[in-house]
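Q: Fold the following and give me the result.
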Amino acid sequence: MLEGLREVQSRIAEIEAKVGALRRMSSAAGFAGLVEGALAAASASASTPLSADRAAQVERLRDYMRSRLFNPELAAHAADFAEAAAVYGMDWRLGVALATVESSGGKYCFRPYNPFGIMGKSFAGWREAIWEVNRLVASYGFGNDLRAILRKYNPSGGEAYIRKVLGEMARV
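A: Residues are numbered from 1 along each chain as shown. Next comes the predicted model:
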């Protein structure tokens, strides 16, 4: 538990340092500098090896997505599901459970690259959608109170919807 807390604190410090660097860069070099800095930060984090816990989460997500016959293009983003959840402090199983319930794992999307049923929203790609759903549920301010998150996420779904999403999370 304490090791996990240290890992979270370390990740927060990394993010704060990147945000500070981006702020300094944006004021010094304008928008172009901001974009270049963001791309550099993204490629640096993409090449950072996963922790053992995160690697295990990614493997479990991959296994689950294979078992549920996810859209293969979406399933290729298992690491994004785990990373976005970690950055936003969300349960790492929630995104894939929502995608399963809302679009049968990205097979039947309401809008382009939107496996989560976020109304009126199209995305440029799967990664953008994955990060947005984590940002969205984190913005509710419920922490990892899954019932409160799911009531707000789909107010008309009721208890049946909550049970369905929680059931999928349990299968991961």
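Q: Now the residue nearest the centre of the chain: which helix or strand?
A: Nearest residue to the geometric centre of the chain (CA atoms, centre = their mean): Ala84, 3.4 Å. Using DSSP states H and E, Ala84 maps to helix 78-88.
Q: Show residues contacting that helix.
A: 11, 15, 45, 50, 54, 57-58, 61-62, 65, 90-92, 94-96, 126-127, 130-131, 133-135, 137-138 (CB atoms under 8 Å, 6 or more residues apart in numbering). Every residue, glycine included, has its C-beta placed from N, CA and C.
Q: mind running it again at 7 Å?
A: 11, 54, 57-58, 61-62, 65, 91-92, 94-96, 127, 130-131, 134-135, 138 (CB atoms under 7 Å, 6 or more residues apart in numbering).
Q: So how do I select the buried members of those residues in PyMOL?
A: Command for PyMOL that selects the buried part of the contacts of helix 78-88, burial taken from 16 or more other CB atoms under 10 Å:
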select buried, resi 54+57+58+61+62+65+91+92+94+95+96+127+130+131+134+138
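Q: before we move on, back to that, can you get me the centre-to-centre distance for the helix holding Ala84 and its chain?
A: 4 Å (CA atoms, centre = their mean, to the nearest Å).
Q: Beyond it, next helix or strand please.
A: Criterion used, DSSP H and E; the element after helix 78-88 is helix 94-103.
Q: Give me the angle between that following helix and helix 78-88.
A: If you take axes from the mean of the first three to the mean of the last three CA atoms, to 10 degrees, helix 94-103 sits at 120 degrees to helix 78-88.
Q: Against which helices or strands is helix 94-103 packed?
A: helix 52-67, helix 78-88, helix 126-139, helix 158-171 (3 or more CB pairs under 7 Å, 6 or more residues apart in numbering; DSSP states H and E).
Q: any idea how this structure splits into domains?
A: Annotated domains of the chain cover 1-48, 52-171 [automatic domain parsing].
Q: starting at the chain centroid, how far to the longest one?
A: Its chain's C-alpha centre and that of domain 52-171 lie 7 Å apart, by CA atoms, centre = their mean.
Q: Could you pull up the mean pLDDT of stretch 132-141?
A: Averaged over stretch 132-141, pLDDT sits at 97.
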